[in-house]
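Engineer: Structure of the sequence below:
(2 chains)
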Amino acid sequence: AQSVTQPDIHITVSEGASLELRCNYSYGATPYLFWYVQSPGQGLQLLLKYFSGDTLVQGIKGFEAEFKRSQSSFNLRKPSVHWSDAAEYFCAVGGTGGFKTIFGAGTRLFVKA
Amino acid sequence: EADIYQTPRYLVIGTGKKITLECSQTMGHDKMYWYQQDPGMELHLIHYSYGVNSTEKGDLSSESTVSRIRTEHFPLTLESARPSHTSQYLCASSSNTHTEAFFGQGTRLTVV
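Structural biologist: Below is the predicted model:
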């Protein structure tokens, strides 16, 4: 069965510290992987996506993610967190054709001064 | 600029009323989705559509219904609203070639 797991319900980091949000997936074919961010009361905004090629992908707002097929993971990273990064982050997996996007449960990021 | 629009953004309505949440996209996407999300919680897919005249129920059972008469329009209707329907409803769309989903701003529904 297709699934996405985000093991951390919430994470707290200090401003300026590095960040890594974990994501593991289960998918029967080559996955299309995404990270979205959601600020309170808003819709979801795409941070980055992986379809093929280089396994390290760069996104907006200084985020990057690395696809590791052997670990079925697609972890999100940022070298230095800003207070404005506090939000909910969703990992998602999808495919072409008739497959619908599957979202993880989300990780809420808190940033302390 | 291509986008996806949801109206209204906020709605407070009495129990038993019929409501329709609107969702329109200008990107020509075939696939559209409705998700239900309680505050701070995960997204639950309640309806999706692969194209005109195609609608399917999602993973979470919902008393709402949807229609897809035009590619750009995917409204969600509740025939008789109840307090248990209080939630945020997010509409999204994606193309068949690139499955990244584009989201609207959401409709926050409160049934009193």
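Engineer: Get me the contact residues on chain B for chain A.
Structural biologist: Contacts of chain B with chain A, taken as CB under 8 Å from any CB of the partner chain, map to B:6, B:31, B:33, B:35, B:40-43, B:45, B:48, B:50, B:90, B:92, B:94, B:96-106, B:108. Glycine gets a C-beta too; all of them are placed from N, C-alpha and C.
Engineer: Give me the three-state assignment for the residue nearest to residue B:95 when sequence neighbours are not counted.
Structural biologist: Nearest non-adjacent residue to residue B:95, counting by CB to CB, 6 or more residues apart in numbering or on different chains: residue B:29, 5.1 Å away. Per DSSP: H, G, I helix; E, B strand; the rest coil, the local secondary structure of residue B:29 is coil.
Engineer: where does residue B:29 fall, phi/psi-wise?
Structural biologist: The phi/psi pair for residue B:29 (degrees, to the nearest 10) reads phi -70, psi 140.
Engineer: neighbours around it, how many?
Structural biologist: A count of nearby residues for residue B:29, using other CB atoms under 10 Å in any protein chain shown, gives 22.
Engineer: Hmm, residue B:101 and it touching each other?
Structural biologist: No - using CB atoms under 8 Å, residue B:29 is not in contact with residue B:101; the gap is 9.1 Å.
Engineer: how about residue 56, what does it touch?
Structural biologist: Using chain A. A:64, A:65, A:66, A:67 (CB atoms under 8 Å, 6 or more residues apart in numbering or on different chains).
Engineer: Switch to chain B, please.
Structural biologist: B:47, B:48, B:49, B:50.
Engineer: Around the last one, count how many other residues there are.
Structural biologist: Applying other CB under 10 Å, we find 16 other residues in the vicinity of residue B:50.
Engineer: Which neighbours do residue B:29 and residue B:101 have in common?
Structural biologist: Common neighbours of residue B:29 and residue B:101 (CB under 8 Å, 6+ apart) are B:93, B:94.
Engineer: Close to chain B: what parts of chain A are there?
Structural biologist: A:32, A:34, A:36, A:41-46, A:49, A:51, A:88, A:90, A:92, A:94-101, A:103-106, A:108.
Engineer: Can you flag which of those residues belong to strands?
Structural biologist: Applying DSSP state E to the residues of chain A next to chain B, the entries found in strands are A:32, A:34, A:36, A:44-46, A:49, A:88, A:90, A:92, A:94, A:103, A:108.
Engineer: Check whether the residue nearest to the spatial centre of chain B sits in a helix, strand or coil.
Structural biologist: In chain B, the centroid-proximal residue (CA atoms, centre = their mean) is residue B:34; its distance is 3.4 Å. On the three-state scheme (three-state DSSP), residue B:34 is labelled strand.
Engineer: hang on, the earlier thing: filter the ones in strands among the residues of chain A next to chain B to the buried ones?
Structural biologist: Buried members of these, scored by 16 or more other CB atoms under 10 Å in any protein chain shown, are A:32, A:34, A:36, A:44, A:46, A:49, A:88, A:90, A:92, A:94, A:103.
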